[in-house]
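Trainee: Need coordinates for the following:
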Amino acid sequence: MQLLVPLDRFLNPDEENVDLLRLYLQALFSSSVTSHRSPLMYLIAVHHVNRFIYQQSDSRHHQLRRWIIKQCIRLPDEVRFFTFSTLPFFVCYQGLGMAGSGVS
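Mentor: Reported below is the predicted structural model:
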């Protein structure tokens, strides 16, 4: 997929708006955004939620981070089945590692 705007502009800086992060989570958990239907939005949501959980050093939203992880663990099996592509990628995502993208 080719973009008119560099991908790095969608992924950086890390999202800090908690309301927007909650919307990303809702879209991922409900499967309204998937890698097949909307790959760019899926990547943006997964990237920012993952960075929020694992990469931010400030402790202001520590409880929200813990809640997100608990929600991933508590999802029913049928949801895990239908969102299988979301959960491992969402939790294990480490960046794109694309040459020249500025994203690792």
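Trainee: Going by C-alpha atoms from here, please, whenever you check contacts or count neighbours.
Mentor: Noted.
Trainee: Hmm, Asn50 and Tyr24 touching each other?
Mentor: No: using CA atoms under 8 Å as the test, Tyr24 is too far from Asn50 to be in contact (10.6 Å).
Trainee: How many neighbouring residues does Tyr54 have?
Mentor: 11 (other CA atoms under 10 Å).
Trainee: Could you do Val33 as well?
Mentor: Per other CA under 10 Å, the neighbour tally for Val33 reads 21.
Trainee: Need phi/psi at it.
Mentor: In terms of degrees, to the nearest 10, the main-chain angles of Val33 are phi -120, psi 120.
Trainee: need the contact list for it.
Mentor: Counting by CA atoms under 8 Å, 6 or more residues apart in numbering, Val33 makes contact with Ala27, Met41, Tyr42.
Trainee: If you rank those residues by neighbours, which is first?
Mentor: Counting neighbours by other CA under 10 Å, Tyr42 leads the contacts of Val33 with 21 neighbours.
Trainee: for that residue, helix, strand, or coil?
Mentor: helix (DSSP: H, G, I helix; E, B strand; the rest coil).
Trainee: so how far is Ala27 from it?
Mentor: For Tyr42, the distance to Ala27 equals 9 Å [CA to CA, to the nearest Å].
Trainee: low pLDDT regions in this protein?
Mentor: By pLDDT under 70, the low-scoring segments of the chain are 1, 56-58, 75-104.
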